[in-house]
Each structure stands twice: as structure tokens, then as C-alpha cells.
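Asks: Sequence and predicted model, in that order:
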Amino acid sequence: MARRLLVVSEPADETLARSFAEGLGTVLSGATIDHFAPTISFTTVPAWLVRESRDRVEAANAVICLLGATSVASSWTTWAVNAGLEAEKRVVCVRLHNSAHDTPPSIVTERHVPMVDADGDAVAAFIERGEVRPMRAETPLPSANPTPLATRLGRH
């Protein structure tokens, strides 16, 4: 069965999003990747773009929302999550930077949308089998000045 995946990203993440979409096409060979990175503000969306966007969601087997530094305030990401779930598609959010900087809008938590790292195999596991792999933990940066407690415990 041919798969069609709708990948939604913010214009600020264009370079990473394109690379990710290309890599995903390699991992999920035979899948059609529809990359949607609207530059029109969500508050001024013309009716034709609303229809086109809905058609893209309906045609997809899954909706993949790429999360970057500006996603927390993204009306497009919020819309894509809702539209995908309403159309009963698989919906997943992907952290492009694999860090806390890739903050999703609140709808992701409210609607219990899974989040995965920008790893093609992890996304494929979700798309194909519904498996959600644990995200990599962020490695804390070492402190230049040890805290008083760390000093007392002999840790630096």
C-alpha cells in the first residue's frame, strides 16, 4: 500500500525540515512526502488555502508536525494536529533539534499526541506500527562554577 505523509513545518525551520523530509523519504521508500511549510499568517488564511490544506490532510495516511524553536506559538502546527486527529490520521510531532528548544504548542499535550526525535527510523516505527520510541534525554551542560552543594560533596 502506498503511503502519503503530510509533513508540516514552520518557515523558520525550512533547512532542517527539508533535510528531514528527504531523509524520511529514504527510510520509508515508496512513500510520498508532502512537505507543507505555509508562509501565510494563520490569521489571514484565504479560503482556497483552507480547502487545499484540508485536502492535503484528507489525502495523507499520517500527519507529521516538525517542532522547532518557533513551534510553541504556531497556529499552523495547532491546526495540523487538530485536522489530522479529526480526520482520524496518525499524528506525531518530531523534535527537529532533539532538545527542549523544540517546544510543541499546548494542543500536543492536551490531545496526547506522541513526540519523537528527528530520527527517520523512530518516525517510521510510529507510522508503520504505532510504536513510540523514547526520546533522547538532553545532556545537561557542565556548569562553569560548581554549586555550593556540589563543592561540599566534592563534585565538579
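Replies: Yep, that arrived. Numbers count the residues shown, from 1 in each chain.
Asks: For Asp121, see how far away Arg129 is.
Replies: With distances defined as C-beta to C-beta, to the nearest Å, the gap from Arg129 to Asp121 amounts to 12 Å. C-beta here means a position set from N, CA and C on the backbone, and glycine is covered the same way.
Asks: Comparing those two, which residue is more hemmed in?
Replies: Between Arg129 and Asp121, Asp121 has the larger neighbour count (other C-beta atoms under 10 Å), namely 12 against 8.
Asks: OK, contacts around that one?
Replies: Contact partners of Asp121, counting by C-beta atoms under 8 Å, 6 or more residues apart in numbering, are Val27.
Asks: so it sits in a helix?
Replies: Yes - according to DSSP: H, G, I helix; E, B strand; the rest coil, the state of Asp121 is that of a helix.
Asks: Number the chain from 822, please
Replies: Happy to do that; since the first residue is 822 now, the last one works out to Asp942.
Asks: Cys886 and Gly851, how far apart?
Replies: From Cys886 over to Gly851 (counting by C-beta to C-beta), the distance is 22 Å.
Asks: Out of those two, name the residue with the larger neighbour count.
Replies: Each of Cys886 and Gly851 has its neighbours counted (other C-beta under 10 Å); Cys886 has more, 28 against 8.
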